[in-house]
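K.L.:
coords please:
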Amino acid sequence: MTVPAQRPRRWPNAPGNALRLFLVVILLVPVAVLFVQLQRSVDADQDLTIREQHGVEYLRSLADVTVALTEAQSATVAGRPVLREALATAVERTTAVDTRLGAELRTRERWAGVRAKVEALPDRGGTSPEAAYTVYREAADLLLALYAKVRESSGLMRDPEADSYYLQDAAGEELPTAMVAAGRLADLAVIGAARRSTERLSTVAELTAARTSLLDPAADLIESLQSAVESTDSPNLGGNLLNQLDSYQRATEALSAAAALTDGTSQTDLTQIAGARVTAHAAAEQLSSIILTELSALIDDRNNRLARDQQVTYGAAALALLLMVGLATAIVLSGRRRRTAPAAPGTPDGPPVEPLDAEPGRWDALVEWSASGPAGAAGAQPPGRPVATAGAGSDGPGGWGRSDAAR
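P.N.:
From the prediction side, this is the model:
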């Protein structure tokens, strides 16, 4: 009787499965870190665009205050009635903006100082032109300092894009400075006309310095806007800016030329200077509105790009997570199939081999067959053995299964 040899037991490869799962987890860690870093970067950029939009809104309200303040200054110095309604409306509008955004932009204390200074400005009654010029100058200086604070706190001063950086520089520094300087140049001409002839030399020197204070920021403004147009990808920025920029440049040059030809003593010269100032302020006001509108549009475009980048980041992270989960699931299922696969008979995991004495009487019948000999049981086969075909070779000890001829 041949008993199949036992095969060694194949234990499930538990350490191998655990190692594979561990590698999957290890791969997830850098993916998760990369996703978190990308998400933080996108969130920081989006927060910056929101603050910048708030800064643009604040700058727009300050531009209205600047226009109204310079108009009130020129009227007060020239002895004309002051339109306090326009200035009061601009102040109230900025106060409303500061109420919403002042805490975020850290401007409340500065705006409170500017507002108090503006509300305390004198009308023409009982105030000399030089005294009015001085107090208005102080208020305008505080207002220009507030421009810088808004640009700094909102992040506009650190804008990463070249076109929007140049635009915020133009709208938040150069143009307001030029507008204030234009008003001061015209007002100094009026003040010089009221002085004695012995002060004519000092008047000319002041007018020359005022012309320089106007032309320098105006030149910087033109350079910044041209740089913004050259560096932008927007198809509309150049056409919207350059036409109005030309108008502002011509008006500024006309004002500077009128101030250069006078010593402040001619009424004709004063009328020409006043008209040039009005034209320059109107062009500056329109240019400021266009610059801030274009700046806001550029920031909106950047925010939309960031939103698309965020969606791509989420999609890539979800795909990576699904791939890792699928790999882990495949490893687990592979281990389970290996544990539940049927084993071969005779192995520790398979069904046992049935011994000869498992059936009663089988051994006794085999003994009787052996005792009868070949003569008494010709062609007979042992009990429980298959009938061998003629010519077959031996398939067991003692020649069981051989044909009669072979025996």
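K.L.:
ok, A132 - contacts?
P.N.:
By CB atoms under 8 Å, 6 or more residues apart in numbering, the residues touching A132 are Q73, T76, V77, P122, R124. (C-beta placed from N, C-alpha, C; glycine too.)
K.L.:
which residue comes closest to the fourth one once chain neighbours are left out?
P.N.:
Counting by CB to CB, 6 or more residues apart in numbering, the nearest residue to P122 once its immediate chain neighbours are dropped is A132, at 6.1 Å.
K.L.:
quickly find the element holding that neighbour.
P.N.:
helix 129-154 (DSSP states H and E).
K.L.:
quick check: next helix or strand after that helix?
P.N.:
helix 162-169.
K.L.:
buried residues in that following helix?
P.N.:
Buried positions in helix 162-169, judged by neighbour count with 16 or more other CB atoms under 10 Å: D163, S164, Y165, Y166, L167, Q168, D169.
K.L.:
can you redo the residues you listed as JSON lines with distance to N243 and pLDDT?
P.N.:
Below are those laid out as JSON lines (distance: CB to CB, whole Å; pLDDT from 0 to 100):
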{"residue": "D163", "distance to N243": "18", "pLDDT": "91"}
{"residue": "S164", "distance to N243": "20", "pLDDT": "93"}
{"residue": "Y165", "distance to N243": "22", "pLDDT": "95"}
{"residue": "Y166", "distance to N243": "18", "pLDDT": "96"}
{"residue": "L167", "distance to N243": "16", "pLDDT": "95"}
{"residue": "Q168", "distance to N243": "21", "pLDDT": "95"}
{"residue": "D169", "distance to N243": "20", "pLDDT": "96"}
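K.L.:
ok, back up a step: lowest pLDDT pick from the contacts of A132?
P.N.:
Confidence by pLDDT is poorest for R124 among the contacts of A132, given 63.
K.L.:
now stretch 116-130: how far from the chain's centre is it?
P.N.:
47 Å (CA atoms, centre = their mean, to the nearest Å).
K.L.:
return that stretch as CSV; C-alpha atoms alone will do.
P.N.:
Taking C-alpha atoms only, stretch 116-130 is exported to CSV below (Å, rounded to 0.1, in the frame of the first residue of the first chain):
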residue,chain,number,x,y,z
ALA,A,116,-11.3,114.8,13.0
LYS,A,117,-8.8,117.0,11.1
VAL,A,118,-11.1,117.3,8.1
GLU,A,119,-14.2,118.2,10.2
ALA,A,120,-12.2,120.9,11.9
LEU,A,121,-11.1,122.6,8.7
PRO,A,122,-12.1,126.2,8.5
ASP,A,123,-14.4,127.9,5.9
ARG,A,124,-13.3,131.1,4.2
GLY,A,125,-14.7,133.4,6.9
GLY,A,126,-12.1,134.8,9.3
THR,A,127,-9.2,132.8,7.8
SER,A,128,-6.2,134.1,5.9
PRO,A,129,-5.2,132.2,2.7
GLU,A,130,-1.9,131.2,4.2
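K.L.:
count the residues that sit near L201.
P.N.:
Close neighbours of L201, defined as other CB atoms under 10 Å, add up to 10.
K.L.:
same thing with V36?
P.N.:
The number of residues packed near V36 is 11, by other CB under 10 Å.
K.L.:
look at L322 and say how many residues are nearby.
P.N.:
The criterion is other CB under 10 Å. On that basis, L322 has 10 neighbouring residues.
K.L.:
how far does the one helix or strand it maps to sit from the chain's center?
P.N.:
Assigned by DSSP H and E, L322 falls within helix 267-340. From the chain centre to the centre of helix 267-340 is a distance of 6 Å (CA atoms, centre = their mean).
K.L.:
and it, what does it pack onto?
P.N.:
helix 14-78, helix 162-169, helix 175-193, helix 237-260 (3 or more CB pairs under 8 Å, 6 or more residues apart in numbering; DSSP states H and E).
K.L.:
packing partners for the next helix or strand after the third one?
P.N.:
In this case it means helix 175-193. For helix 175-193, the following helix or strand on the C-terminal side (DSSP H and E) is helix 200-231. If you count contacts as 3+ CB pairs under 8 Å, 6+ apart, helix 200-231 packs onto helix 162-169, helix 175-193, helix 237-260.
K.L.:
CSV please, covering those helices and showing distance to I222.
P.N.:
Shown next, in CSV, are the helices and strands packed on helix 200-231 (distance: least, CB to CB, whole Å):
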stretch, distance to I222
helix 162-169, 11
helix 175-193, 10
helix 237-260, 6
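K.L.:
where among the ones you listed is average confidence lowest?
P.N.:
Ranked on mean pLDDT, the bottom entry among the helices and strands packed on helix 200-231 is helix 237-260, at a mean of 89.
K.L.:
contact partners of it?
P.N.:
Taking CB under 8 Å, 6+ apart as the rule, helix 237-260 contacts 163, 178, 182, 185-186, 189, 207-208, 210-211, 214-215, 218, 221-222, 225, 228-229, 232, 269, 272-273, 276-277, 279-280, 282-284, 286-287, 290-291, 293-294, 298.
K.L.:
can you select the buried ones among those residues for me in ChimeraX?
P.N.:
What follows is the ChimeraX syntax selecting those of the contacts of helix 237-260 that are buried according to 16+ other CB under 10 Å:
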select :163,178,182,185,186,189,207,210,211,214,215,218,221,222,225,228,229,232,269,272,273,276,277,279,280,283,284,287,290,291,294,298
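K.L.:
just the element for P81, please.
P.N.:
Per DSSP H and E, there is no helix or strand for P81.
K.L.:
neighbours of it, just the number please.
P.N.:
10.
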